[in-house]
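Novice: Fold the following and give me the result.
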Amino acid sequence: MKKLILTYLTVLSVLTIAAVLSLRTVWPEQYPSLLFIIPLFFAVMLGVMIWLKRSNERKGKDRSLFFLTYRVVKILLAIVMLVVYFTAVGTQLLPFSVVFMIYYMCLSAVETVLFMKGEKKS
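Specialist: Down below sits the predicted model:
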């Protein structure tokens, strides 16, 4: 679990630095003012992942059930966050959505690879 957390936070940090640098230097007019919400959301999702994993282990349920539950919770919370952002802010929707999608896909790929490695060990 420690490797998952460390890798997740490393990828999250790299994505944040890349997003800020690329939007600030290459497309400064496209920089959403609330871009910090995206890494904050995925940091919270890491906490949700840890909570769901521990809850699943305490109940003695299968690891694949945790994986499926986490994916459903993650996509539902992502949709809620995007809808709230779109209705509350209403500006810079496309850049925010694209950056959010990049974060979502990259971190989902990292999670999937690390979960698969964990399943092979057990």
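
Novice: so the residue sitting nearest the centre point of the chain is in which element?
Specialist: Against the mean C-alpha coordinate of the chain, by C-alpha atoms, centre = their mean, the closest residue is Phe42 at 3.6 Å. Here Phe42, judged by DSSP states H and E, is contained in helix 37-59.

Novice: what does that helix contact?
Specialist: Applying C-beta atoms under 8 Å, 6 or more residues apart in numbering, the set of residues contacting helix 37-59 from outside is 1, 5, 8-9, 12, 15-16, 19, 63, 65-66, 69-70, 73-74, 77-78, 81, 85, 96, 99-100, 103, 107, 111. All C-beta atoms are positioned from the backbone trio N, CA, C, and that covers glycine.

Novice: quick one: which of those residues sit in helices?
Specialist: Taking DSSP state H as the definition of helices, the contacts of helix 37-59 contribute 5, 8-9, 12, 15-16, 19, 63, 65-66, 69-70, 73-74, 77-78, 81, 85, 96, 99-100, 103, 107, 111.

Novice: Quick one: buried ones out of the residues you listed?
Specialist: For those, a neighbour count by 16 or more other C-beta atoms under 10 Å gives the buried set as 8, 12, 15-16, 19, 66, 70, 74, 78, 81, 85, 96, 99-100, 103, 107, 111.

Novice: For Phe86, see how far away Ile5 is.
Specialist: 30 Å (C-beta to C-beta, to the nearest Å).

Novice: got a pLDDT number for Leu6?
Specialist: Note on Leu6: pLDDT of 90.

Novice: and it, how many neighbours does it have?
Specialist: Neighbourhood size, Leu6 [other C-beta atoms under 10 Å]: 10.

Novice: Fine by me, thanks again.
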